[in-house]
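Novice: quick one, structure for this:
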Amino acid sequence: IAAGTTVTSTGAQSLQGGTIAGNLDGAGAITAASGTTDITGTVTNASGLTVSGGTVNVTGAGTVDTSGNLITISSGTLATDTDALANNETVSISGGSYNVSGTDTIAALTQSGGVVDGAGTLTTTGAFTQSGGTTGGAVNIDSATFTQSGGGIIAAGTSVTSTGAQSLQGGTIAGNLDGAGAITAASGTTNITGAVTNAASFSVTGGTVNVNGAGTIDTAGNTVSVSAGALSTDGGALEAAATATVSGTGTLSTSGTEAITAINQTGGTVGGSGTFNLSGAFTQSGGTTGGSVDINAATFTQSGGATVAAGTTVTSTGAQTLQGGTIAGALDGAGAVTVNTGTTTLTGTISSTSIDIQAGGTLSSNGGGLAAAAAVTNNGALALTGGGDESIASMNGTGTTSLSGGSILTLNTGVSNINGVISGAGGLTVAGGTTNLGAANTYSGATTVNSGGTLNVLAAGAIAGASTVNAGGIMTNAGTVADVSNAGSFT
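Specialist: Residues are numbered from 1 along each chain as shown. Purely as a prediction, here's the structure:
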């Protein structure tokens, strides 16, 4: 159909190879089923265009306008360059190929199969919805919103940019996913091996997101959150400025090394077999750690019944504040430990040599969890449970100490001024240093003073059980003591 010629059809129009250099008009639906059709003129249609085979090239001044009706590609190829399709068009591709070599703007793109490729830029004023198929080449797709599901693929070399919401429901991001809109992963399994760059936030509310290989998530310092489902990385996936929030039943894990700003955990699990290096705080007010993950932070705060699980190591260079929870793994680092409210249960280890149990705080240990060099200030409550023993450097304060099940508290060095009541069925051993007891203690287990140790029972002090002073040990009594077996010095 030559330039200057107009063909108008009220019924079906079938393109099976040829050239439209003039005008093809009409109300009937157009189907391209085979051959190669080159459109350099104008195709205007009130129904729609279906490419079910062959190739349709819309180039030069060529345009297709279906009055907002659907352009469908199920097989074959639709290839366009600049401004080939009307701005109100919606393209649906389930098979075949949609190739964009120039710059074009349409209303929406729906992909359930096939390939959207080329080296140009396609802008959709509405949604790009990908429930299957793949992109290809170096095509850029700019959309108002983006939704991926059903195993759809954003291939390497392709960029998808969205100004609005972006929803991941199962698929692969091997290229670039960019934009200002918040990203939500709600279901399915999404594999990210490309670059996700977002100026808002990245939220996992269901499903699984795996960031592997060269895959990265960059939220420009905004939050990466996991409230359900899982976000898993193999290291180097998250930007340094990111803060991760873990809540609900969500899981954040790494098998490599992630260097980020902070982790705020109110629920869920922070786990894996790798390491999180935090330039700021690890704040854990719920949930648990998991696996053999190491978490290195500037500060650590635990409350709300949260758990550092067995196998996990949390290391803090600064303050470590315990406000109710469980340390079943290792709490490491040089920072002082403060127990200032609630009950902290220790079934793992605390490496700090400075432990401050404040009024209102309780540290409950089943034994062997405190460092031998630990200096404990106890103005709250220290409880040894289950017959577990603790051996520390010293203890000072007015707090209570309970020794249940035959637990033994051993003091090794320095000066201990204990002015709170020691109770329970357990015992006290002074292995070194000087211990001054200033309260009416009720513990019924043995009191032992070994060589190099000094025990002074002050005027208000009392010991209910039997005491033994071994050779080289010293015990003085200005208060009340029961039986004393002396092989050292007792006055």
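Novice: just the C-alphas of stretch 354-366, formatted as CSV.
Specialist: Extracted as CSV, the C-alpha positions of stretch 354-366 are listed here (Å, rounded to 0.1, in the frame of the first residue of the first chain):
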residue,chain,number,x,y,z
SER,A,354,33.1,-5.3,83.3
ILE,A,355,29.5,-6.2,84.3
ASP,A,356,27.1,-3.8,86.0
ILE,A,357,23.9,-5.2,87.4
GLN,A,358,21.8,-2.2,88.3
ALA,A,359,18.7,-2.0,90.6
GLY,A,360,15.8,-3.6,88.7
GLY,A,361,18.0,-5.8,86.7
THR,A,362,18.6,-9.5,87.1
LEU,A,363,21.3,-11.7,85.6
SER,A,364,20.5,-15.4,85.8
SER,A,365,23.2,-17.8,84.9
ASN,A,366,23.3,-21.6,84.7
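Novice: quick one: Asn456 and Val430 touch, right?
Specialist: No. Counting by C-beta atoms under 8 Å, Asn456 stays clear of Val430, with 9.8 Å between them. C-betas here are computed from N, CA, C, even on glycine.
Novice: out of the two, which sits in the busier spot?
Specialist: For Asn456 versus Val430, neighbours defined as other C-beta atoms under 10 Å are more numerous around Val430 (26 against 18).
Novice: any idea how far that one lies from Thr491?
Specialist: Using C-beta to C-beta, to the nearest Å, Val430 is found at 15 Å from Thr491.
Novice: what residue ranges in the stretch 201-350 of the chain score low on pLDDT?
Specialist: Counting by pLDDT under 70, the stretch 201-350 of the chain contains no low-confidence segment.
Novice: which residues in the stretch 1-150 of the chain form helices?
Specialist: In the stretch 1-150 of the chain, no helices are defined using DSSP state H, counting those that start in this stretch.
Novice: pLDDT weak spots in it?
Specialist: The model of the stretch 1-150 of the chain has no residue with pLDDT under 70.
Novice: likewise for the stretch 351-491 of the chain?
Specialist: Ranges of the stretch 351-491 of the chain meeting pLDDT under 70: none found.
Novice: helices of that one, residue ranges please.
Specialist: Using DSSP H, counting those that start in this stretch, the stretch 351-491 of the chain contains no helices.
Novice: in contact with Gly41, which residues?
Specialist: When contacts are counted by C-beta atoms under 8 Å, 6 or more residues apart in numbering, Gly41 is found next to Ile1, Ala3, Ile20, Ala21, Gly22, Asn23, Leu24, Ala61, Gly62.
Novice: let's see it at 10 Å
Specialist: Taking C-beta atoms under 10 Å, 6 or more residues apart in numbering, we find Gly41 in contact with 1-6, 19-24, 58, 60-63.
Novice: next: Ser201.
Specialist: For Ser201, the contact set (C-beta under 10 Å, 6+ apart) comprises Gly181, Ala182, Ile183, Thr184, Thr219, Ala220, Asn222, Thr223, Val224, Ser225, Ala242, Thr245.
Novice: give me that answer again for 8 Å
Specialist: When contacts are counted by C-beta under 8 Å, 6+ apart, Ser201 touches Ala182, Ile183, Thr219, Asn222, Thr223, Val224, Ser225.
Novice: number of residues surrounding the third one?
Specialist: Meaning Thr219. Close neighbours of Thr219, defined as other C-beta under 10 Å, add up to 23.
Novice: distance check, it against Ala240.
Specialist: Applying C-beta to C-beta, the value for Thr219 to Ala240 is 11 Å.
Novice: then the fifth one?
Specialist: Per C-beta to C-beta, Thr223 is found 14 Å from Ala240.
Novice: more crowded one of those two?
Specialist: Just comparing Thr223 and Ala240: by other C-beta under 10 Å the higher neighbour count belongs to Thr223, 16 against 12.
Novice: please report phi then psi for Asn419.
Specialist: phi -110, psi 10 (degrees, to the nearest 10).
Novice: my read: it touches Thr401, true?
Specialist: No. In this structure Asn419 lies outside contact range of Thr401 using C-beta under 8 Å: 11.0 Å.
Novice: more neighbours, those two?
Specialist: When Asn419 and Thr401 are compared for neighbours, Thr401 comes out ahead with 27 against 17, by other C-beta under 10 Å.
Novice: dump the residue contacts of Thr413.
Specialist: Thr413 makes contacts with Ala393, Ser394, Gly432, Gly433, as judged by C-beta under 8 Å, 6+ apart.
Novice: contacts only, for the spatially closest residue to it that is not a sequence neighbour.
Specialist: Closest residue in space to Thr413, ignoring its immediate chain neighbours: Gly433 at 4.4 Å, by C-beta to C-beta, 6 or more residues apart in numbering. Residues near Gly433 by C-beta under 8 Å, 6+ apart: Ala393, Ser394, Leu411, Asn412, Thr413, Gly414, Val415, Ser416, Gly452, Gly453, Thr454.
Novice: then Val421?
Specialist: With contacts defined as C-beta under 8 Å, 6+ apart, Val421 is in contact with Thr400, Thr401, Ala439, Ala440, Asn441, Thr442.
Novice: now do Ser485
Specialist: Counting by C-beta under 8 Å, 6+ apart, Ser485 touches Ala466, Ser467, Thr468, Val469.
Novice: give the bridge partners for it, please.
Specialist: As for beta bridges, Ser485 partners with Thr468 under DSSP bridges.
Novice: from Leu455, how far off is it?
Specialist: Remark: distance between Ser485 and Leu455 (C-beta to C-beta) = 13 Å.
Novice: overlap of the contact sets of those two?
Specialist: With C-beta under 8 Å, 6+ apart as the test, Ser485 and Leu455 both reach Ser467, Val469.
Novice: could you give me the ChimeraX syntax to select whichever of the contacts of Ser201 are buried?
Specialist: Here is the ChimeraX command that picks out the buried ones among these, judged by 16 or more other C-beta atoms under 10 Å:
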select :182,183,219,222,223,224,225
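Novice: could the contacts of Ser201 be laid out in JSON lines, adding distance to Thr447 and secondary structure?
Specialist: Listed next are the contacts of Ser201 as JSON lines, based on distance: C-beta to C-beta, whole Å; DSSP: H, G, I helix; E, B strand; the rest coil:
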{"residue": "Ala182", "distance to Thr447": "64", "secondary structure": "coil"}
{"residue": "Ile183", "distance to Thr447": "63", "secondary structure": "strand"}
{"residue": "Thr219", "distance to Thr447": "59", "secondary structure": "coil"}
{"residue": "Asn222", "distance to Thr447": "59", "secondary structure": "coil"}
{"residue": "Thr223", "distance to Thr447": "54", "secondary structure": "strand"}
{"residue": "Val224", "distance to Thr447": "54", "secondary structure": "strand"}
{"residue": "Ser225", "distance to Thr447": "54", "secondary structure": "strand"}
